[in-house]
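K.L.:
I need the structure of the sequence given here:
(chains A and B)
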Amino acid sequence: MSIKIPQLLNRPDVLLRGNFACAGCGLSIAYRTTISALENPIVVIPACCASVIQSLHPNVTYNVPTLNIAFAAHASAASGISRGKKRRGEKVTTVVWTGDGGTYDIGVSTWSGAAERNEDILHCCYDNGFYSNTGAQRSGATPRGAVTTTTPTGKTEKRKSITRIMMAHDIPYIATASVGYPRDLYTKVKKAAQIEGYRFILIDAPCPTGWNSDPAITRELGRLAVQTGYFPLFEVENGKLTFSRRSERVRDPERRKPLEEYLSKQGRFKQMTSEAIKALSKDLQREWDLLARFE
Amino acid sequence: MTNENEMKDPVLPLGRPTIGSAGNTGTWRSSKPVFIEEKCIKCYECWLNCPEGTIRVDADEEYPYVDYVYCKGCGICVHVCPKEALEMKPE
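P.N.:
Model prediction:
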């Protein structure tokens, strides 16, 4: 299923212009694409960049019902909303919209519980690989070698694989998407909206401010991440994994663009030596191999 | 927006959707995207990829335009345009 632009043109304006997001923000593209694909969304936002860009009381930039909640309470709050609305017979889509800090590190206990109970929640994680709203501290999602304010010489550990942790919860739908391909993201969200239960979508959202990259190449960075094999796109339905078309194309490492092309466009990887790049690409290949086992 | 009833109610910290909740963000930019309509093929890639939603399309088959009051000048639209129908001009 491919989405045509005229279908998209009359989508609702969910993120109003004139907000606090940085120029070239990947999160804004992800939010706009995701939430506009849903019918009657109620969005739960813990502390993350998304709670910062909505601006100050009494003005809100989000044009959908939004609940701001503490970091480690997002999926619990969403569980309550989802069950309450169900009991009242109202048809809504409860969305948890978190950054990678709220999904990889701080929010694990809350979403793990909700996933185990298989609550009717769509959990979207926009992943920029660090705690962006507090000033670029390292998170579980930061890749090896990336410079953040708490890892000034580059992170020495590998990036956590949240999708495999999610898979261990046996939830009905898991997908990864990228702001480089908004139509692909839109299609996956539409698909997830049809499914009942705990659904998870991981969105690669480049952050020009924290990644120290040119704001104009946000989409290109999203695309390069897929084309170099850094961020594989796939869907997991009831435990069965299928790579999306664009990632299936680069499954063979020889067909991928060189990883250096992606890394050189970001200031956070400037100090990386060739050995460090080799270690990073080894991490990535290991992740690909592990994912392929679920096919 | 800030009508009196809302400000008087201290119990619920409710906000209302507002365009320009962070002020006129157009003042942030140092250069602005300018449309060259002759080159535009109405593919709306710029509209799809604009993070801010400042590229507006009123109806299908119409030319997009930029809302300069709020455009932050990131330059994504210029970068994604397949026909170079947009260019960055210094303010």
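
K.L.:
against B:Lys72, how distant is the residue nearest to B:Pro17 when sequence neighbours are not counted?
P.N.:
Nearest residue to B:Pro17, sequence neighbours excluded (CB to CB, 6 or more residues apart in numbering or on different chains): A:Asn63, at 4.5 Å. C-betas here are computed from N, CA, C, even on glycine. Per CB to CB, to the nearest Å, A:Asn63 is found 19 Å from B:Lys72.

K.L.:
what's near enough to touch the closest residue to A:Asn128 other than its chain neighbours?
P.N.:
Distances taken as CB to CB, 6+ apart put A:Cys207 closest to A:Asn128, at 4.0 Å, once the chain neighbours are dropped. Each residue near A:Cys207 by CB atoms under 8 Å, 6 or more residues apart in numbering or on different chains is listed here: A:22, A:25-27, A:49, A:128-130, A:132.

K.L.:
closest to chain B among these?
P.N.:
Nearest to chain B, judged by CB to the nearest CB, of the contacts of A:Cys207 is A:Cys25 at 4.8 Å.

K.L.:
how many residues are close by the closest one?
P.N.:
Per other CB atoms under 10 Å in any protein chain shown, the neighbour tally for A:Cys25 reads 30.

K.L.:
same thing with A:Asn118?
P.N.:
14.

K.L.:
quick one: secondary structure of it?
P.N.:
For A:Asn118, the assignment made with DSSP: H, G, I helix; E, B strand; the rest coil gives coil.

K.L.:
need the pLDDT of it.
P.N.:
Looking at A:Asn118, its pLDDT reads 94.

K.L.:
contacts only, for the nearest residue to it once chain neighbours are set aside.
P.N.:
Distances taken as CB to CB, 6+ apart put A:Gly197 closest to A:Asn118, at 4.8 Å, once the chain neighbours are dropped. A:Gly197 sits next to A:118-120, A:171-173 when contact means CB under 8 Å, 6+ apart.

K.L.:
in chain A, which spans are helices?
P.N.:
A:5-9, A:26-36, A:49-52, A:74-87, A:100, A:108-116, A:162-167, A:182-194, A:208-211, A:218-227, A:245-248, A:259-263, A:274-292 (DSSP state H).

K.L.:
buried ones in the longest one?
P.N.:
By neighbour count, and taking 16 or more other CB atoms under 10 Å in any protein chain shown as the criterion, the buried residues in helix A:274-292 are A:276-277, A:280-281, A:283-284, A:287-288, A:291.

K.L.:
average pLDDT for that helix?
P.N.:
For helix A:274-292, the per-residue pLDDT averages 93.

K.L.:
cool, the shortest one as well?
P.N.:
The predicted model assigns helix A:100 a mean pLDDT of 90.

K.L.:
who touches it?
P.N.:
Under CB under 8 Å, 6+ apart, the answer for helix A:100 is A:125-130, A:139-141, A:162.

K.L.:
out of those, which one sits closest to chain B?
P.N.:
Looking across those and measuring by CB to the nearest CB, the closest to chain B is A:Tyr126, at 12.0 Å.

K.L.:
shouldn't that closest one be in contact with A:Gly222?
P.N.:
No: using CB atoms under 8 Å, A:Tyr126 is not in contact with A:Gly222, being 11.3 Å away.

K.L.:
hmm, back to that, what two of the contacts of A:Gly197 have the greatest distance between them?
P.N.:
A:Glu119 and A:Tyr173 (13.3 Å; CB to CB).

K.L.:
need the contact list for the residue nearest to B:His79 when sequence neighbours are not counted.
P.N.:
What sits nearest to B:His79 in space, not counting adjacent residues and going by CB to CB, 6+ apart, is A:Ala216, at 4.5 Å. Contacts for A:Ala216 were tallied using CB under 8 Å, 6+ apart; they are A:24, B:74-76, B:78-79.

K.L.:
out of these, list just those in helices.
P.N.:
B:76, B:78-79.

K.L.:
pipe those into CSV and attach neighbour count and pLDDT per row.
P.N.:
Output for the ones in helices among the contacts of A:Ala216, formatted as CSV (neighbours: other CB atoms under 10 Å in any protein chain shown; pLDDT from 0 to 100):
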residue, neighbour count, pLDDT
B:Ile76, 31, 93
B:Val78, 18, 93
B:His79, 21, 92
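
K.L.:
closest one of those to B:Ile36?
P.N.:
Of the ones in helices among the contacts of A:Ala216, the one sitting nearest to B:Ile36 (CB to CB) turns out to be B:Val78, at 10.9 Å.

K.L.:
touching, the closest one and B:Glu87? I think so.
P.N.:
Yes: using CB under 8 Å, B:Val78 is in contact with B:Glu87, at 6.2 Å.

K.L.:
who touches both of these two?
P.N.:
B:Pro33.

K.L.:
point out where chain B drops to low pLDDT.
P.N.:
Low-confidence segments of chain B (pLDDT under 70): B:1-11.
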